[in-house]
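# Coordinates for the following, if possible.
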Amino acid sequence: MNRKERRAAGKRRDESATKPSASAFGPAGLSIVDLAAEASRAYRAGRINQAQEICRQVLAREPAHVQALNLLGLMAQGSGDHRGAVKLFAKAIAADEVNTACHYNVGSSYQALGQRAKAIAHFNKALALGMDGKAVSFILQSPVISTYVARIAGKWPLTVTNAELFGAESVTPLANDLFLRCAMEATTLPNPQLEVLLGHARAELLRLAGERGEVDDAIVGFACALARQCFISEYVHVQAEAESGLARGLCDRLLRDLASGAAIAPLALAVVAAYVPLHAMPVADALLRRDWPATVAGLLKVQLREPLEEKGDRAAIATLAPVKNSVSLEVMRQYEENPYPRWTINPLTAFAADQARGRIVATAERQAQLDILIAGCGTGSHAIQIAQVYPNARLLAIDISLSSLAYARRKTRELGLRNIEYGQADILELGAIDRTFDHIESVGVLHHLAEPTAGWRVLVSLLRPGGRMRIGLYSELARRVIVEARTRIAARGYRATADDIARCRQDIIREADHWRMLIGAKDFYSMSGCRDLLFNVMEHRFTLPQIAAFLNDHDLSFLAFEPFDDPTVTERFHEQFPGAADEADLDQWHRFEVEHPETFWDMYVFMVGKNAH
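Predicted coordinates for the structure are as follows:
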């Protein structure tokens, strides 16, 4: 599924609470589309009574109109009528149960009413439906969070103390922010201000755990959520030596209590898990034989049960082609140590729900029994998306890393998918499997091979005539900042170790103005992501003329780039070549990229076809 298709699948999920549905014209001469738009304008202008009246006119014609119900709910929420707001949001969700905005909004009202379990359920639903990518902006809108961020900024470049930051309330206000807790459990939070704040919160929790006093359940829940966030980011955050010493002491105390059978405070366990993954501790599986509160049980599932499950999976993964190349072996070691990416949420939750309810009409292509190869599947997100879009396809997903494949197998089981076969293989040796495919995908993989074009040739040999191939390659022009950063890293002697990566990140953050693009990258906020981004064992980069030459030499036709997240890219392309723009012309795209070198910042992602003869 390409970006355009993902956007289409998620369109209602992200926008249906704010975009009107079409309807017939009413007696006043205005369509429901026009009325809904006017209601939104009135609401934004603060004309609440007018907005309410227009929404009622809309609902008189279409009682389940999602935008009108959501807007009335927001206005009830704004006036403090959270019970009324809940009823309105519930009607909107009944009409569109995969509406992200409505789930978030009703969660906010449930939190205001003190119904924490319901609030958490709806916040989790909103995150699962696509809000994970926007979570940071919503978190930063919280008055509590923005106050803490301002206090930290006010002391810069000096460091604020926890006493100055939190005062007598400690982390209680943070612990009561349920959306923050849900987001920490669900996804990476790519923001330097939040990273600093959560670092202070972790140190404050460490202090509380050391005091061994009674703490509120909300603080324990917050500590468990923070530990899960640290696990997702793979402990990429730097910490002072004094803090590290206290954390080691708490960990030693936990191990002694575990060995002796003594009671272990839930807070102490959660705080230890915020500094070190529980599955890496000796005899940690003994923790599973104790009774714990639900929040701690959830933490143990993520940090202990699932890693143990993945460890058991490794022996079941077949080796389809050997890993012999010296560079491939180094790359394999990298991804064994840091499987990439560490993902938690199914990107196609809304798509799968709509498909199950018959709201998405499957095309003949998507119903076809295709043979599809995912060459370099990593931790499985890519293969799992393809498997959902093509439910009748037979997928072979290969990767060089057993750790990544084990993660992928676990996630595949969680989602109940049965059309993916996983195997370990080096693309360079993949010709030995003696299989061919209708469709091959290899995105973000070939440029990490010792000889990318050699690996690409192997994939071409496995593609059936008339088949299609989706490829993703790094751009030489777009990654100039990465090349500069890697040069700086080498000059300063940073190695691909956890400590050096954490210290390197702090250097980059201190020079934020120069490294704005790096700091804005989601990969910067996890250990595996940062290692993949800046410390990769092998990285090749391409130009469009080089890609065009390869296609020409191997009888492949360029079909299209994957649609851009920013639609203005295509608009500017057509403006540069007025009347003659051809989106399948790589020479034109090369000239465009020279003028706009950040166009392919992520990578070139494009589709090619194998000519049939």
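
# Where does pLDDT dip in the stretch 301-450 of the chain?
The stretch 301-450 of the chain contains no residues with pLDDT under 70.

# and if we set it to 80?
355-359, 361 (pLDDT under 80).

# ok, the closest residue to residue 449 other than its chain neighbours to residue 140 distance?
Residue nearest to residue 449 in three dimensions, not counting chain neighbours: residue 455, with 4.5 Å by C-beta to C-beta, 6 or more residues apart in numbering. For glycine as for every other residue, the C-beta is placed from the backbone atoms N, C-alpha and C. Going from residue 455 to residue 140 by C-beta to C-beta, to the nearest Å gives 42 Å.

# which of those two has more neighbours?
residue 455 (25 against 15; other C-beta atoms under 10 Å).

# SS state for the more buried one?
The local conformation at residue 455, judged by DSSP: H, G, I helix; E, B strand; the rest coil, is helix.

# what's the pLDDT at it?
Listed pLDDT for residue 455 reads 98.

# got the contact list for it?
Residues in contact with residue 455 (C-beta atoms under 8 Å, 6 or more residues apart in numbering) are 427, 428, 445, 446, 449.

# Swap in 6 Å and give it another go.
427, 428, 446, 449 (C-beta atoms under 6 Å, 6 or more residues apart in numbering).

# Run a quick neighbour tally on the closest residue to residue 275 other than its chain neighbours.
Among residues not flanking residue 275 along the chain, residue 247 sits closest, at 4.1 Å (C-beta to C-beta, 6+ apart). Residues within reach of residue 247, counting by other C-beta under 10 Å, total 21.

# Now for residue 247, which secondary structure element holds it?
Assessed by DSSP states H and E, residue 247 sits inside helix 241-260.

# From the contact counts, what lies against that helix?
helix 192-211, helix 266-273 (3 or more C-beta pairs under 6 Å, 6 or more residues apart in numbering; DSSP states H and E).

# can you pull the buried residues of that helix?
243, 246, 247, 250, 251, 253, 254, 255, 258 (16 or more other C-beta atoms under 10 Å).

# Could you do stretch 259-275 as well?
For stretch 259-275, by 16+ other C-beta under 10 Å, it's 264, 265, 266, 267, 268, 269, 270, 271, 272, 273, 274, 275.

# separation between the last one and residue 141?
With the distance defined as C-beta to C-beta, residue 275 ends up 29 Å from residue 141.

# all strands of the stretch 351-500 of the chain, in order?
371-375, 394-399, 420-424, 437-443, 463-473 (DSSP state E, counting those that start in this stretch).

# Rebuild those as TSV, extending it with mean neighbour count and distance to residue 292.
Listed next are the strands of the stretch 351-500 of the chain as TSV, based on neighbours: other C-beta atoms under 10 Å; distance: least, C-beta to C-beta, whole Å:
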stretch	mean neighbour count	distance to residue 292
strand 371-375	24	38
strand 394-399	24	34
strand 420-424	19	32
strand 437-443	22	40
strand 463-473	19	42
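
# can you put the ones you listed in a markdown table and add distance to residue 594?
Putting the strands of the stretch 351-500 of the chain into a markdown table (distance: least, C-beta to C-beta, whole Å) gives the following:
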| stretch | distance to residue 594 |
| --- | --- |
| strand 371-375 | 30 |
| strand 394-399 | 34 |
| strand 420-424 | 40 |
| strand 437-443 | 24 |
| strand 463-473 | 17 |
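
# Residue 119 is nearest to which of these?
Taking C-beta to C-beta, strand 420-424 is the member of the strands of the stretch 351-500 of the chain nearest to residue 119, at 35.1 Å.

# Give me the angle between the closest one and strand 394-399.
30 degrees (axes from the mean of the first three to the mean of the last three C-alpha atoms, to 10 degrees).

# Let me see the contact set for the closest residue to residue 91 other than its chain neighbours.
The spatially closest residue to residue 91, leaving aside those adjacent along the chain, is residue 69, at 5.0 Å (C-beta to C-beta, 6+ apart). Applying C-beta under 6 Å, 6+ apart to residue 69 gives the contacts 88, 91, 92.

# Enumerate every residue touching the first one.
Under the criterion of C-beta under 6 Å, 6+ apart, the neighbours of residue 88 are 69, 72, 73.

# The second one: neighbour count?
Residues contacting residue 72 under the criterion other C-beta under 10 Å number 25.

# That one reaches residue 56, doesn't it?
No: under the criterion of C-beta atoms under 6 Å, residue 72 is not in contact with residue 56, lying 7.9 Å apart.

# Can you show me the strands along the stretch 501-613 of the chain?
So, for the stretch 501-613 of the chain - with DSSP E, counting those that start in this stretch - the strands run 556-561, 604-610.

# Now those strands in TSV, please, with extra columns for mean pLDDT, mean neighbour count and distance to residue 145.
Output for those, formatted as TSV (pLDDT from 0 to 100; neighbours: other C-beta atoms under 10 Å; distance: least, C-beta to C-beta, whole Å):
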stretch	mean pLDDT	mean neighbour count	distance to residue 145
strand 556-561	97	16	38
strand 604-610	97	20	35
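
# where does the protein have low pLDDT?
For the chain, the ranges with pLDDT under 80 are 1-29, 213, 355-359, 361, 612-613.

# if we can go back for a sec, highest average neighbour count across the helices and strands packed on helix 241-260?
helix 266-273 (a mean of 26; mean count of other C-beta atoms under 10 Å).

# And the contacts of that helix?
205-206, 209, 215, 220, 223-224, 227, 250-251, 254, 293, 296, 299, 303.

# so what does the one helix or strand residue 53 maps to touch, helix or strand wise?
If you go by DSSP H and E, residue 53 is part of helix 48-61. Packing partners of helix 48-61 (3+ C-beta pairs under 6 Å, 6+ apart): helix 32-44, helix 66-78.
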